[in-house]
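Undergrad: fold the stuff below for me.
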Amino acid sequence: MAEMAHTEKREFQTEVKQLLHLMVHSLYSNKEIFLRELISNASDAADKLSFLALQDNDLFEGDGELRIWIEPDHEAGTLTIRDNGIGMSRDDVVANLGTIARSGTAEFLKQLSGDQKKDSRLIGQFGVGFYSAFIVANRVEVFTRKAGAAASEGVYWASEGDGEFELGTLELPQRGTRIVLHLRDDEKEFLDSWRLKSLVRKYSDHVAIPVMMLGEPAPAEEGEEPKQPELEQINAATALWTRSKSDISDEEYQDFYKHLSHDFSDALSWSHNRVEGKLDYTSLLYLPSKAPFDLYQREAPRGLKLYVQRVFIMDDAEQFLPLYLRFMKGVIDTNDLSLNVSREILQNDRTVASLKAALTKRSLGILEKLSADEEKYAVFWKEFGAVLKEGPAEDFANREAVAKLLRFATTHTGDEAQTVSLADYVARMKEGQTAIYYVVADSHRNAAGSPHLEVFRKKGIEVLLLSDRIDEWLMSHLSEFDGKPLQDVARGALDLGELEDEAEKKAHEETDKQYTALTEEIAKILAADVESVRTSHRLTDSPACLVVAEHDIGAQMRRILEAAGQELPASKPILEINPEHPLVQRMNEAPTDARTRDLVMVIYEQARLAGGDSLQDAAAYVQRINKLLLELSA
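TA: A predicted model of the protein is given here:
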């Protein structure tokens, strides 16, 4: 090691000990993946250099032949992985190696469950693959210099995984990064050439730049000097997406997904396609099985890995898929863009718009195919269903296709599992039913217990039970499916159409007349709280319910927007009273007095509570209830 110009010791983030303990213990059975992670990082470094060199060829420093080298040293007990890629500056080293998952440390620790098997799956989601080196090494050293920097700006980093690291500067004539692993005594198997070669072929054969290692020395003839081993390439170094689908095994597809995403879990599904004609591109799209921690951070890095004419251009090219498909991973390689493409050009390129449309349809096709497997689709829906619900609002052109992929809990299933498609619902619709009915609440329990469902239960009509925060917003953009309108059972006047016979309709009209005086009296008492009062055709058991006017913001959406600090136009709900309920019947028969006012306030406040709302004056409600109870017991 060259003499250090300056060396200092720094502490990791305080959480690093937890992570390193997790790396050493939770992943012990999968310890060989450290090599895949380090080779993957080296490959990324080479990709980034080749992209930057498109505009500044001097970054190659006279050496444009990008390579990764693996160097076992039996005598020293070290394994070295080095590359001549982009390298790192001092600031890069501190940012990348001194912290854990820079944007997600807190989230990472929140996710830790104490179950080592479950926790090990988190590592790939938080960008901490480098730390997998500590699975097999008790000390890790990094020597690196950024391309284009002076030789004197080399950086040295080292740690024994004990909560602190060394940081220094040194002279490094070559750009790139060299990582030296001081292997534990019981991990010396990773110095064996055959073992290393088999691991590279297993995990990194698809890496698009050569991985080099010294071969076995050729046997010398008698009397000759021993021949020195020669460097040999131990991976195919062929971009997997450029190969024929028929030549690629499922295992190779999964290995490439893990290389691409740094995920430890298998992908649920994938689609590999070569398109020639109006557009000329190759795509390899993957559907993950596990959501990343930052899935709901809409500003988090996302997108596909972009290549142009097999030259890497950028990670996280977000322009090729809509935001609601941000969970998709993959590669796009096209001949229809220029090599000097930039993010600014991508924003306004017509070809990009065409590619985005094609890749969106391809992604939805993956989901449609997966939906035939209920078990696998349930895994997808649990992880990404709420994100897919953003689709109808963001992508009008594919609104129907997205709608087919949505899943809901309903009164038909009897539990909160979201397993029913809109097509399933339509297939079970009653004869004469023309609408798809749904109810929105802040929880599944409140949705299932909503008084607005009473007449639907009585008639055996299925209703969608919506309780995700996004559901009301979704329904405001999904007005129909398969020609059937979607109707909120808690909004506007209920018209069941042919599901009610003429006798029922006439009975409703007669009831309305009989309760006109009571509804007018209640409207006066509640003038400050409700828009109007009417008899209900949707209640069978509850005395009253609150209904949102046809074009007003729903109660659930109003609560969400108000909690976010948004000012909304004032609106009042409509109170519906149940003429079949004994309490309402007694109120209709009794003369108006102070007790009537108390009863009106009680049924109104109960309706608010049943709708998932809170009371403005809970103490007054309790007093009224107690007063009425005392009168009954007198």
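
Undergrad: so where is the stretch 151-300 of the chain shaky, pLDDT-wise?
TA: 217-221, 223 (pLDDT under 70).

Undergrad: that one: helices as residue ranges?
TA: For the stretch 151-300 of the chain, the helices defined by DSSP state H, counting those that start in this stretch cover 193-203, 250-261.

Undergrad: buried residues in stretch 520-532?
TA: Glu521, Ile522, Ala523, Ile525, Leu526, Val530, Glu531, Ser532 (16 or more other Cβ atoms under 10 Å). (Each C-beta comes from the backbone N, C-alpha and C, glycine too.)

Undergrad: looking at the residues you listed, which one is closest to Glu171?
TA: Glu531 (79.2 Å; Cβ to Cβ).

Undergrad: what's the separation between that closest one and Ile525?
TA: Per Cβ to Cβ, to the nearest Å, Glu531 is found 14 Å from Ile525.

Undergrad: that older thread, of the helices of the stretch 151-300 of the chain, which stretch is the most buried?
TA: helix 250-261 (a mean of 18; mean count of other Cβ atoms under 10 Å).

Undergrad: angle of that one against helix 193-203?
TA: 90 degrees (axes from the mean of the first three to the mean of the last three Cα atoms, to 10 degrees).

Undergrad: before we move on, back to that, let me have the helices of the stretch 151-300 of the chain in a markdown table, extended by distance to Val140.
TA: Below are the helices of the stretch 151-300 of the chain laid out as a markdown table (distance: least, Cβ to Cβ, whole Å):
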| stretch | distance to Val140 |
| --- | --- |
| helix 193-203 | 17 |
| helix 250-261 | 21 |
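
Undergrad: check Val341 and give its pLDDT.
TA: The per-residue pLDDT reported for Val341 equals 67.

Undergrad: ugh, typo on my part, it should be Phe481
TA: 95.

Undergrad: tell me who's in contact with the closest residue to it other than its chain neighbours.
TA: In space, and not counting its chain neighbours, Phe481 is closest to Leu422: 4.6 Å by Cβ to Cβ, 6 or more residues apart in numbering. Counting by Cβ atoms under 8 Å, 6 or more residues apart in numbering, Leu422 touches Ala403, Lys404, Leu406, Phe408, Ile436, Phe481, Asp482.

Undergrad: same question, Ser204
TA: Ser204 neighbours (Cβ under 8 Å, 6+ apart): Leu35, Arg36, Ile39, Ser40, Ser43, Val211, Asn235, His259.

Undergrad: distance check, the nearest residue to the third one once chain neighbours are set aside against Leu49.
TA: With sequence-adjacent residues excluded and distances taken as Cβ to Cβ, 6+ apart, Ile39 is closest to Ser204, at 4.6 Å. The gap separating Ser204 from Leu49 is 18 Å, by Cβ to Cβ.

Undergrad: now do Arg201
TA: 25 Å.

Undergrad: in the stretch 301-450 of the chain, where is pLDDT below threshold?
TA: Scanning the stretch 301-450 of the chain for pLDDT under 70 picks out the ranges 339-345, 347-348.

Undergrad: could you pull out the helices for the stretch 501-634 of the chain?
TA: Using DSSP H, counting those that start in this stretch, helices in the stretch 501-634 of the chain cover 502-514, 516-525, 555-563, 582-589, 594-610, 618-633.

Undergrad: elements contacting the fifth one?
TA: Secondary structure elements in contact with helix 594-610, counted by 3 or more Cβ pairs under 8 Å, 6 or more residues apart in numbering; DSSP states H and E, are helix 516-525, strand 544-547, strand 574-577, helix 582-589, helix 618-633.

Undergrad: ok, which of those comes nearest Met88?
TA: Among the helices and strands packed on helix 594-610, helix 618-633 sits nearest to Met88 (Cβ to Cβ), with 59.4 Å.

Undergrad: need the contact partners of that closest one.
TA: Outside helix 618-633, the residues that reach it (Cβ under 8 Å, 6+ apart) are Arg595, Asp598, Leu599, Met601, Val602, Glu605, Leu615.

Undergrad: wait, what's in contact with Phe456?
TA: Residues near Phe456 by Cβ under 8 Å, 6+ apart: Thr411, Tyr437, Glu462, Val463, Val489, Arg538.

Undergrad: distance to Tyr156 and secondary structure added to those, as a markdown table?
TA: A markdown table is the format used below for these (distance: Cβ to Cβ, whole Å; DSSP: H, G, I helix; E, B strand; the rest coil):
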| residue | distance to Tyr156 | secondary structure |
| --- | --- | --- |
| Thr411 | 65 | coil |
| Tyr437 | 67 | strand |
| Glu462 | 67 | coil |
| Val463 | 66 | coil |
| Val489 | 67 | coil |
| Arg538 | 73 | coil |
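
Undergrad: farthest pair in these?
TA: Spanning the widest gap among the contacts of Phe456 are Glu462 and Arg538, at 15.3 Å by Cβ to Cβ.

Undergrad: just the residues contacting the helix or strand harbouring Pro392, thanks.
TA: Assessed by DSSP states H and E, Pro392 sits inside helix 391-394. Identification of contacts with helix 391-394 by Cβ under 8 Å, 6+ apart yields 322-325, 398-399, 402-403, 473-474, 476-478.

Undergrad: name the residues of the helix or strand following it that are buried.
TA: Going down the chain from helix 391-394, the next helix or strand is helix 399-405, by DSSP H and E. For helix 399-405, a neighbour-count test (16+ other Cβ under 10 Å) marks Arg399, Ala401, Val402, Ala403, Leu405 as buried.
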